[in-house]
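A.B. asks: with the input below, show me the fold.
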Amino acid sequence: MNTVSHSEVQALNAVAAVAAASASVQAETQAITVPEVAPYELHLIALSKLRPSARNVRKSGGTAVPALAVSILRVGLLQNLTAIASSDGEHFEVVAGKRRLAALKLLAKRRKLGKDHPVPCLLVPDASARTVSLTENVQRVAMGAIEELRAWKALAAEGRAVEDIAADFGVTPLVVRRRLKLANVSPRLLAACEAGEASIEQLMALAITDDHAAQEAAWFEAPQWQRSPDSLRDHLTHDEIDAGRDAVARFVGVEAYEAAGGGIRRDLFSDGQDGVFLTDAGLLDALARDRLASVAEAVQAEGWGWVEVAPRATASELHQFQRARRSRREPGKAEAKRIAKLEAEQNRIQDRLDDEDAELSEEGAQALNEELDRIGSELDTIEQTLMVYAPGVVPVAGAVVSVDQAGAVAVHRGLLREEQAKALRAQERQEAANAASDGRDPGAVSAEPATPGISERLAKRLSAHRTVALQAEVARHPQVALVAVVHQLAQRVILDGYGPSPVSITAFVQDRLTHHAPDVDEAPAAVGLREVREAWAARLPGDPDALFAELLAMPQSELLSLLAVCVGYTVSAIASKEAEVPAAAFAQAVGLDMHDWWTPTAAGYFDHVSKAKMLEAVQVFAPGEVNRLAKLKKAQIAAEAERLAAGSGWLPVMFRTPEVAAIAQAGVEPDADASADGTERDEEEQAHATA
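C.D. replies: The predicted model follows:
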């Protein structure tokens, strides 16, 4: 939000004080003397003979020179310069009035004044140069902000046009309107500001309305801690809609709303589309419904049993519906070929962005990130076409057409009312019974997969962190490590099988995870595991026979601890896709929780996903920031996402995927505790996800 800038206030205070100072100088010119020097004399000196003096104590303050030049051109030079004679005998050095001199020189450069334009200068003795310069700067009192506002109001009260006043002071008409707006705030509040009880920023917030009674109520009836500019503005506009924040307002558009006759209140101190408040909520919602009607017709044509338009449908309202599950069909030949091509291109671009040796300009990196976003969007679109509902679901279920938080159309399909969900569950049970009688697998239903959107490289990077965390957890659970070893041996020795297992009995240490995640060695899990390994290495003898004897004499509890460390180092859970969950049974057994081992950062996650994927994550842990971040560049979004995610507990899909679900799909029986913990969740999912 724009405010009345400090430099503007200073410039205007200087102009207001010049006349009084000039009158004082003229009245006292003949009377002022300095001991043992000639009296001060006022002369008209050609502009070309004036130059700045090194003995001017004011080294800063040379701002807003163009505005001062305009003011001098309009109303003249109201205060003389102070100068001393130069040692060359031809020029004069200005010891007070450097900014005025700069403004005059600028006018001469623009040919608004002649180069020899006569300038009133007070000549002072050389020995008094610094004293006079310092005196001019310290022996003056700046005009108060409220006094200045009253002066602006008085100028306007004389009948002068805003544009004319602006021209006199070299400012824009908007600056004048803003000052007049402040001057029209309640006199009680202006007095409070003058007394230091309120700030200019608070007055600007109160100026959102011209109603003095409303202004005073907002200020005097509010506790001190509710008098921030934002709180005051919200209090005065609580019945109105902020067009900059409201999603439906962005969807409809301020111009369309105004064209339909909607009332508007504009905050004069805001920029662009900020500070626009809509006063007719009913009209806004009606316009949104009209725009969504055509979308609803298209959705209805898909065959849904019912379609409703609700521009402001909330998550809690939508949660009242149950949702029909979708299953993923196999992509056709052309679709599979397109997916493979897009994923290969996605990996190539991501590899180039991750390559520290690649010389990429900021524009080049931006272009690659935009291409990644485009590819990710196309992959998401293809994936959605692969998701299908079971036969008979669409004619029964329905959809709600609404507006999302970004102001775009959102269609929520597959919604079921309670009676519809019951009917489909009864149908599902009947079909399952028929399938069982026919010898088919009644549970052969593919769950809806996680939305794709990360590259294979990032999938491996994240899974490397999951692997080292899993290794650390196994090292802390000797019983699970022993089970894993026996499980592997029993499969191959007793059952003569070769089923998949995360444990390699041949003891290939999985400690080269930096190939997938360069930062994994600094992860808490890797550091802790390395310290434990080094402690055992220092304790155990290197000779094989001596090692055997040491282990033979070792207590069973210590032997199991050593076994856990060794087994842990053989665990591998590297994945190539976001939906993969390797070693799910292992993770469930040790109670792996990636919150303990991993934190979302720009370098570890956000830098490696598309802009859309980042905003999707931010929508979870900081939904109020999505609109602001959407306007930033990708690197800025990544940095902000890291900051906002801190302490939120957010995890990417690869770390959030329920291990129990993966075990169930693999046909593995979870332990009793896991089953007990999962019962309530499964029942809730059954209620809200009917196949």
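A.B. asks: now Lys49: closest residue in space that isn't a chain neighbour?
C.D. replies: Excluding the flanking residues, the one nearest Lys49 by C-beta to C-beta, 6 or more residues apart in numbering is His91, at 5.1 Å. For the C-beta atoms, the positions are set from N, CA and C on the backbone; glycine is no exception.
A.B. asks: tell me, how many residues neighbour the one you found?
C.D. replies: Counted with other C-beta atoms under 10 Å, residues neighbouring His91 total 15.
A.B. asks: show the contacting residues for it.
C.D. replies: Contact analysis of His91 by C-beta atoms under 8 Å, 6 or more residues apart in numbering lists 49-51.
A.B. asks: with adjacent residues omitted, what lies nearest to Glu201?
C.D. replies: With C-beta to C-beta, 6+ apart as the criterion, Glu201 has its nearest non-adjacent residue at 4.9 Å, and that residue is Pro229.
A.B. asks: pLDDT score assigned to the one you found?
C.D. replies: The model reports Pro229 with a pLDDT of 88.
A.B. asks: ok, it to Ala243 distance?
C.D. replies: 18 Å (C-beta to C-beta, to the nearest Å).
A.B. asks: more neighbours, these two?
C.D. replies: Neighbour totals were compared for Pro229 and Ala243, and Ala243 leads with 22 against 19 (other C-beta under 10 Å).
A.B. asks: that one and Thr279 touch, don't they?
C.D. replies: No - judged on C-beta atoms under 8 Å, Ala243 makes no contact with Thr279 at a distance of 10.8 Å.
A.B. asks: pLDDT weak spots in this structure?
C.D. replies: Within the chain, the set of residues satisfying pLDDT under 70 comprises 1-39, 61-62, 272-273, 356, 428, 430-453, 486-512, 548, 656-691.
A.B. asks: just the C-alpha atoms of the longest strand seen in it, please, in PDB.
C.D. replies: If you go by DSSP state E, the chain has its longest strand at strand 409-416. Provided in PDB are the C-alpha atoms of strand 409-416 (Å, rounded to 0.1, in the frame of the first residue of the first chain):
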ATOM      1  CA  VAL A 409     -13.500 -23.200 -12.000                       C
ATOM      2  CA  ALA A 410     -13.500 -26.300  -9.900                       C
ATOM      3  CA  VAL A 411     -15.600 -29.400 -10.600                       C
ATOM      4  CA  HIS A 412     -16.100 -31.900  -7.900                       C
ATOM      5  CA  ARG A 413     -17.200 -35.200  -9.500                       C
ATOM      6  CA  GLY A 414     -18.300 -38.500  -8.100                       C
ATOM      7  CA  LEU A 415     -20.200 -37.100  -5.100                       C
ATOM      8  CA  LEU A 416     -22.700 -39.400  -3.400                       C
END
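A.B. asks: in the stretch 251-400 of the chain, which spans are helices?
C.D. replies: 254-259, 281-300, 315-318, 333-354, 362-386 (DSSP state H, counting those that start in this stretch).
A.B. asks: same thing with the stretch 451-600 of the chain?
C.D. replies: Going by DSSP H, counting those that start in this stretch, the stretch 451-600 of the chain shows helices at 456-475, 478-489, 524-539, 544-553, 556-570, 584-590.
A.B. asks: could you dump the ones you listed into a markdown table and include mean neighbour count and distance to Arg140?
C.D. replies: A markdown table is the format used below for the helices of the stretch 451-600 of the chain (neighbours: other C-beta atoms under 10 Å; distance: least, C-beta to C-beta, whole Å):
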| stretch | mean neighbour count | distance to Arg140 |
| --- | --- | --- |
| helix 456-475 | 25 | 64 |
| helix 478-489 | 18 | 81 |
| helix 524-539 | 14 | 62 |
| helix 544-553 | 10 | 89 |
| helix 556-570 | 18 | 77 |
| helix 584-590 | 24 | 75 |
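A.B. asks: make a markdown table out of those helices and add distance to Ala247.
C.D. replies: Shown next, in a markdown table, are the helices of the stretch 451-600 of the chain (distance: least, C-beta to C-beta, whole Å):
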| stretch | distance to Ala247 |
| --- | --- |
| helix 456-475 | 30 |
| helix 478-489 | 48 |
| helix 524-539 | 40 |
| helix 544-553 | 66 |
| helix 556-570 | 49 |
| helix 584-590 | 39 |
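A.B. asks: and of those, who's closest to Ser71?
C.D. replies: Using C-beta to C-beta as the measure, helix 456-475 is the one of those that comes nearest Ser71, at 59.4 Å.
A.B. asks: against which helices or strands is that closest one packed?
C.D. replies: Using 3 or more C-beta pairs under 8 Å, 6 or more residues apart in numbering; DSSP states H and E, the elements in contact with helix 456-475 are helix 333-354, helix 478-489, helix 524-539, helix 556-570, helix 584-590, helix 653-656.
A.B. asks: for the longest one, name the packing helices and strands.
C.D. replies: The criterion is 3+ C-beta pairs under 8 Å, 6+ apart, and the helices and strands that helix 333-354 contacts are helix 362-386, helix 456-475.
A.B. asks: and that helix, what's buried?
C.D. replies: Across helix 333-354, burial judged by 16 or more other C-beta atoms under 10 Å covers 339, 342-343, 346, 349-350, 353.
A.B. asks: nearest to Leu149, of the residues you listed?
C.D. replies: Leu353 (53.2 Å).
A.B. asks: that closest one and Met554, how far apart?
C.D. replies: Counting by C-beta to C-beta, the gap from Leu353 to Met554 is 50 Å.
A.B. asks: thinking again about what came up before, now the helices of the stretch 251-400 of the chain in TSV, with distance to Arg533?
C.D. replies: Written out in TSV, the entries for those read as follows (distance: least, C-beta to C-beta, whole Å):
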stretch	distance to Arg533
helix 254-259	64
helix 281-300	58
helix 315-318	47
helix 333-354	29
helix 362-386	38
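A.B. asks: so Ser402 belongs to a helix, correct?
C.D. replies: No - Ser402: not assigned to a helix; according to DSSP: H, G, I helix; E, B strand; the rest coil it is strand.
A.B. asks: residues in contact with it?
C.D. replies: 292, 309-313, 409-412.
A.B. asks: what's the farthest-apart pair in the residues you listed?
C.D. replies: Among the contacts of Ser402, Arg312 and Val411 lie farthest apart (C-beta to C-beta), at 14.9 Å.
A.B. asks: who has more neighbours, these two?
C.D. replies: Neighbour tally, Arg312 and Val411, criterion other C-beta under 10 Å: the higher count belongs to Val411, 17 against 13.
A.B. asks: hey, what's the more buried one bridged with?
C.D. replies: Bridge pairing for Val411 (DSSP bridges) gives the partners Val401.
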